[in-house]
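Engineer: Structure for the following, please:
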Amino acid sequence: MNHYTRALLTSVAMTVPLLSAFAEQSGMPQGPDVSDKSYWELLVGPYAVHWSSDDEHKHVYLLGVERGLPDGTLWGFSAFQNSFGQASAYAYYGYRWDDVFGYAGLYVKISGGILYGYKEPYEDKIPINHNGWGLAIIPAVGYRLTPKDALEVGMLGTAGLMFMYTRRF
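Structural biologist: Model (predicted):
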């Protein structure tokens, strides 16, 4: 486990109990409150951090929409500018676990799907890629601040982390 992964896991392990305690004391609604219904969620990713510094890295922006079902499954689509300034997209299917470790509002999800946009000369930046089309698996950890608002961090393979805000409808 490298230094960045260890630091991230330590930060999450220390922050989640504090956020949960703050939410309880401040009277904020706990948990997603969607156990018996489907929902749509808007994902906005204004910032990504890379594990390594590269002069070719550009600012990453992401905008997506996700559909969550009562059984925990989800599917979605996001459009983004990748780390090399190329227009890219990700269509995916996945699963979400709520109230992880007994913390109301804490969730973990994993998605897998088709990734498009990593073209020459950056086609080797993702492990499975053919003419800009590839596959991706993205694990994420999030914390639901209110029934409609959450903060989420997605792990982008060996490249880095994507920080997102999500809004439920």
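Engineer: ranges for the strands of the chain?
Structural biologist: Along the chain, counting by DSSP state E, strands occupy 39-50, 61-68, 73-81, 87-98, 106-116, 129-130, 133-144, 149-156, 160-168.
Engineer: which parts of the third one are buried?
Structural biologist: Read that as strand 73-81. Going by neighbour count (16 or more other CB atoms under 10 Å), the buried part of strand 73-81 is Leu74, Gly76, Phe77, Ser78, Phe80, Gln81. C-beta coordinates here come from the backbone N, C-alpha and C atoms, glycine included.
Engineer: How about the second one: what's its closest non-neighbour residue?
Structural biologist: Closest residue to Gly76 in three dimensions, ignoring its sequence neighbours and counting by CB to CB, 6 or more residues apart in numbering: Glu66, at 3.5 Å.
Engineer: Including pLDDT and distance to Phe101, could the buried residues of strand 73-81 go into JSON lines?
Structural biologist: Output for the buried residues of strand 73-81, formatted as JSON lines (pLDDT from 0 to 100; distance: CB to CB, whole Å):
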{"residue": "Leu74", "pLDDT": "98", "distance to Phe101": "20"}
{"residue": "Gly76", "pLDDT": "98", "distance to Phe101": "25"}
{"residue": "Phe77", "pLDDT": "98", "distance to Phe101": "30"}
{"residue": "Ser78", "pLDDT": "98", "distance to Phe101": "27"}
{"residue": "Phe80", "pLDDT": "96", "distance to Phe101": "30"}
{"residue": "Gln81", "pLDDT": "94", "distance to Phe101": "34"}
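Engineer: quick one: contacts for the closest residue to Gly113 other than its chain neighbours?
Structural biologist: Excluding the flanking residues, the one nearest Gly113 by CB to CB, 6+ apart is Tyr92, at 3.0 Å. Residues counted as contacts of Tyr92 (CB atoms under 8 Å, 6 or more residues apart in numbering) are Trp75, Gly76, Phe77, Ser111, Gly112, Gly113, Ile114, Ala136, Ile138.
Engineer: one more time with 7 Å
Structural biologist: Taking CB atoms under 7 Å, 6 or more residues apart in numbering as the contact definition, Tyr92 lies against Trp75, Gly76, Ser111, Gly112, Gly113.
Engineer: Next: Pro139.
Structural biologist: By CB under 7 Å, 6+ apart, the residues touching Pro139 are Ile110, Met155.
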